[in-house]
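# take a look and give me a structure for this.
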Amino acid sequence: MVDIDELRERLVGKELPGGSFSVPPYESWLMSDVLCSPPLPEGVLHPTYVFHAGMRGVGFDIASLLDLVHCRPEDGPMIGETDLRQVRPLRVGETLRGSARVVDLVRKRGRSGVFDLMRVETAIRDEQGAAVAFLTNTYVFPRRS
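Residues are numbered from 1 along each chain as shown. The predicted model follows:
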């Protein structure tokens, strides 16, 4: 089993690569359609995009995130908790930039065995650098012996 002290030393406080993106109109339409959303003001993204913006803002794909903590997909990793805060509506076509960092990593024992909880905070900013949203995800990494 991976050593929690080594992981904490290496990861807590680590800045993740981050990333920028924009949402084209068709993607906004698809999201609203799949969520059966009532009509939104012209050019406004569905609030669910705060979650998507935060995930894109990490700058890692899932495989890379798992590699960071020495976890395999077959171990059953998952998102345990999500906290999002929207400062203002996100807009179709605007360029957003995410910056993310690992803020905590703890090991716990439960009925299903040993698992690690890693908390990652992501700030989403517009092109002027103003904060538009924040996302905190707690990832659960089961540890098989």
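# what sits against the residue sitting nearest the centre point of the chain?
The C-alpha lying nearest the average C-alpha coordinate of the chain belongs to Met55 (CA atoms, centre = their mean; 3.5 Å). Contacts for Met55 (CB atoms under 8 Å, 6 or more residues apart in numbering) come out as Leu135, Asn137. Every C-beta, even on glycine, is put in place using the N, C-alpha and C of the backbone.
# tell me the mean pLDDT over the helix or strand where it lies?
Using DSSP states H and E, Met55 sits in helix 49-57. Helix 49-57 comes out with an average pLDDT of 84.
# check which element follows that helix along the chain.
Next along the chain after helix 49-57, taking DSSP H and E as the criterion, comes helix 62-68.
# buried residues, the helix or strand bottoming out on mean pLDDT in the chain. List them.
Lowest mean confidence among the helices and strands of the chain (mean pLDDT, DSSP states H and E): helix 49-57, at a mean of 84. Across helix 49-57, burial judged by 16 or more other CB atoms under 10 Å covers Tyr49, Val50, His52, Ala53, Gly54, Met55, Arg56, Gly57.
# try stretch 77-92
Neighbour counts over stretch 77-92 (16+ other CB under 10 Å) mark Pro77, Leu84, Gln86, Pro89, Leu90, Arg91, Val92 as buried.
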